[in-house]
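**Student:** Here is my input; please provide its structure:
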Amino acid sequence: MTGLDRSKIWTGSLNTRALEPQPRRTIGLYDTTLRDGEQSVGVVLMPEEKLEIARALDAAGIDRIEAGFPRVSDDDWRAVELIAGAGLRAQVWGFSRAVQADVEALVELGVAASVIESPISDAKLAALGVSRETMLERIAKAVSYATANGIKVAFFGVDSSRADLDFYRRAYAAAVEAGAQEVVVVDTIGIATPEAAAFLVGETVDLLGHEIPVHWHGHDDFGLATAAAIAAVQAGATWIQGTINGMGERAGNADLIEVALALEALYGIPTRLDLTQANALAQLVQERAGTPLAPWKAVTGDNLFVRESGAVAAQFHDPAAIEPYAPELVGQGRGIVLGKKSGIDSVRIKAAELGLDLADDQRAGVLAGVKRVGTEKRGLVTHEEFGRLVAGDEVHGGRIVFPNAGLTDDRIRVRLPQPADAPSIVKGLSDKEILRGTGIVVMYELTEDAVVERITTRWPALSRTGDVLYLAIADLTTDAYLGNVQLHGFSWEDGQCEIGYWVLPEARGQGVSARATRLLSHWAIEALGMERVEATSDFDNEASLRSLERAGFTREGTKRNVAQAQRGRVDVAIYSLLRSDVAPRRRRRAS
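**Tutor:** Sure, this is the predicted structure:
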């Protein structure tokens, strides 16, 4: 038992009034991140990574660690072997089906304790084509073989929550009679309400007596995994099975960190988890598994103790007014970020944090700048941007901010796409000659609605992050859509990007592509600070080659266009426009 500092928990008295009396026995935490957690889609943990996580679980006070199912693969075998031999304080458990070969693997590895699982719902039995009586025989045989070989067994009835209650009782009684020393009540597909979890655990305690420890193992398909785990404890479960970050199949398992904090902070029921290690443990698991957490996730989310709202920032000096518990209880920190929702106190606090001199009479102006930049970016204002705002510099949100007025010459305008352009864009991207000449592969359903969604949402997001800038080429007089021009392939560190374009059939032969390419490439150099803009064209596309030359681009050589290799055209001409090509022209115009 670690014991939370109650002075840093600000939950009021309502829970105490509503919940007393509560059980005070310490609840054991059984972690199955390395087995059930790894069943998350796309997650593969190598043996050494599993050992690293197991050591962190052990250091954080997890009582039992399920090292894995050794018969799955050589790597799983190796992971169990490594963890079992690591000398951890925590008990190391294995996992087995009610199959003798699975148990024999545990015996060979010298695993001292294991879950033995067996399906017991009629739905699962029917799917396997196994009768109830046959399954009872398998349970008894596997459990008795394991216990005869010195393995402590916790019987795990798969899909307990959907099993016939009478057969559930027979299965669990048979397992205990065969030697199981503990049992696990299992909500395999996450359908149990907290009340149902309490009912089934209570039935199990009544059936087997308090001398047989009862575990609860639940999933989060309805978002009730933590609540069901708490209800199971109140009904007599002494062990909760779960994972770090709630990893697991489908919607995942109960998150042991969430369960432990809720038990201790809200119910006063102790565990042995050191919650000050919660954030570090969550970070380790998400990094090794490659499964980022939602920033608003309870306990370990990045945004939990970060404030953007100006109204909340005004109370930042009084944490109990804006938080249910102190961040240090779970290894987190408190902070202010700046954006659209910031207020006067936000900029005051952030300026003090960064050591910036911000006079009282500057705050309103700086705040207006913060709100504008945050809105333009649809995100947060960085420290560097805030510093520039305080210094009085002009700051724009987003990495690429294209002028609303567009770029013009005496014939065309390069402008931001508009929803009204959608029919013309669909027409252009349905043109086989355009697709062949550009190598464009449309990766989405080409409808007007889909294009409008890209014009209004996806393309602006790509420009804000500095990945791609999609623009329309329009007639200067009528604003009729003529084609597309875009900047992409940005290497911001090197000051380089690529340019591409296409025009509708009716706009060809009018110099439209050359004009648009010249306008946009010059703007990229002058406004975005690019040193080099690159363009490529197939050797057999003479019109495109002429357009690039008319736009002022210089032929550099050839390169292999891998994306089009399967189409039989792999070498393309490389053209470029350099800053040195543009600057002399600018000087001549200014003289």
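**Student:** Check which helix or strand the closest residue to R288 other than its chain neighbours maps to.
**Tutor:** Nearest-residue entry for R288: E49, 4.7 Å, with adjacent residues in sequence omitted and distances by CB to CB, 6 or more residues apart in numbering. Yep, even glycine has a C-beta here, placed from its N, CA and C like the rest. Secondary structure from DSSP states H and E places E49 in helix 47-59.
**Student:** For that helix, give me every contacting residue.
**Tutor:** Applying CB atoms under 8 Å, 6 or more residues apart in numbering, the external contacts of helix 47-59 come out as 31, 33-34, 45, 65, 67-68, 75, 78-79, 82-83, 86, 88-90, 92, 244, 274, 277, 280-281, 284-285, 288.
**Student:** E549 is in what secondary structure piece?
**Tutor:** Using DSSP H and E, E549 maps to helix 542-550.
**Student:** and the contacts of helix 47-59, which are buried?
**Tutor:** For these, a neighbour count by 16 or more other CB atoms under 10 Å gives the buried set as 31, 33-34, 45, 65, 67-68, 75, 78-79, 82-83, 88, 90, 92, 244, 277, 280-281, 284-285, 288.
**Student:** Model confidence for the residue positioned nearest the centre of the chain, exactly?
**Tutor:** Closest to where the C-alpha atoms of the chain average out (CA atoms, centre = their mean) is P292, at 3.5 Å. With respect to pLDDT, P292 scores 88.
**Student:** tell me the secondary structure for it?
**Tutor:** Look at P292: counting by DSSP: H, G, I helix; E, B strand; the rest coil, its state is coil.
**Student:** Surely it touches Q286?
**Tutor:** Yes - applying CB atoms under 8 Å, one finds P292 in contact with Q286, separated by 5.9 Å.
**Student:** so where do the helices sit in the stretch 151-300 of the chain?
**Tutor:** 165-177, 194-208, 225-234, 256-261, 267, 278-289 (DSSP state H, counting those that start in this stretch).
**Student:** Now do the longest one: which elements does it pack against?
**Tutor:** If I follow you right, that is helix 194-208. Applying 3 or more CB pairs under 8 Å, 6 or more residues apart in numbering; DSSP states H and E, we find helix 194-208 packed against helix 165-177, strand 182-187, strand 214-218, helix 225-234.
**Student:** and if you look at the fifth one?
**Tutor:** In terms of contacts (3+ CB pairs under 8 Å, 6+ apart), helix 267 is packed against helix 225-234.
**Student:** What's the mean pLDDT across the helix it packs on?
**Tutor:** 97.
**Student:** how far does that helix sit from the chain's center?
**Tutor:** The chain centre lies 26 Å from the centre of helix 225-234; the measure is CA atoms, centre = their mean, to the nearest Å.
**Student:** Now do it: which elements does it pack against?
**Tutor:** Helix 225-234 is packed against helix 194-208, strand 214-218, strand 239-242, helix 256-261, helix 267, with contacts defined by 3+ CB pairs under 8 Å, 6+ apart.
**Student:** let's go with 7 Å and repeat that
**Tutor:** Here helix 225-234 touches helix 194-208, strand 214-218, strand 239-242, helix 256-261, going by 3 or more CB pairs under 7 Å, 6 or more residues apart in numbering; DSSP states H and E.
**Student:** could those go into CSV alongside distance to Y575, mean pLDDT and mean neighbour count?
**Tutor:** As requested, these are exported to CSV (distance: least, CB to CB, whole Å; pLDDT from 0 to 100; neighbours: other CB atoms under 10 Å):
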stretch, distance to Y575, mean pLDDT, mean neighbour count
helix 194-208, 66, 97, 19
strand 214-218, 61, 98, 28
strand 239-242, 58, 98, 27
helix 256-261, 56, 98, 27
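**Student:** Could you save these as TSV and add columns showing distance to L577?
**Tutor:** Formatted as TSV, the helices and strands packed on helix 225-234 follow (distance: least, CB to CB, whole Å):
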stretch	distance to L577
helix 194-208	65
strand 214-218	61
strand 239-242	58
helix 256-261	54
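**Student:** what about this structure, any weak spots by pLDDT?
**Tutor:** Residues of the chain that meet the criterion pLDDT under 70 lie in 1-2, 559-570, 583-591.
**Student:** what do you get if the cut-off is 50, keeping everything else the same?
**Tutor:** Across the chain, the ranges flagged by pLDDT under 50 are 1, 562-568, 584-591.
**Student:** roughly how far apart are L263 and T147?
**Tutor:** Note on L263: its distance to T147, by CB to CB, to the nearest Å, is 31 Å.
**Student:** now do R464
**Tutor:** R464 sits at a distance of 62 Å from T147 (criterion: CB to CB).
**Student:** for E531, same thing?
**Tutor:** Counting by CB to CB, the separation of E531 from T147 is 73 Å.
**Student:** quick one, which of the two is more surrounded?
**Tutor:** T147 (17 against 14; other CB atoms under 10 Å).
**Student:** circling back: how about the helix holding E49: buried residues?
**Tutor:** P47, E49, K50, L51, E52, I53, A54, R55, A56, L57, D58.
**Student:** Could you check the angle the helix or strand following it makes with helix 47-59?
**Tutor:** Following helix 47-59 in sequence order, the next helix or strand is strand 64-68 (DSSP H and E). Between the axes of strand 64-68 and helix 47-59, defined by axes from the mean of the first three to the mean of the last three CA atoms, to 10 degrees, the angle is 170 degrees.
**Student:** Restrict the helix holding E49 to CA atoms and write it as CSV.
**Tutor:** Provided in CSV are the C-alpha atoms of helix 47-59 (Å, rounded to 0.1, in the frame of the first residue of the first chain):
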residue,chain,number,x,y,z
PRO,A,47,11.0,-10.2,-25.8
GLU,A,48,13.4,-7.6,-24.6
GLU,A,49,10.7,-4.9,-24.7
LYS,A,50,8.4,-7.1,-22.7
LEU,A,51,11.2,-7.6,-20.1
GLU,A,52,11.7,-3.8,-20.0
ILE,A,53,7.9,-3.2,-19.4
ALA,A,54,7.8,-6.0,-16.8
ARG,A,55,10.6,-4.4,-14.8
ALA,A,56,8.8,-1.0,-14.9
LEU,A,57,5.5,-2.7,-13.8
ASP,A,58,7.4,-4.4,-11.0
ALA,A,59,9.1,-1.1,-9.9
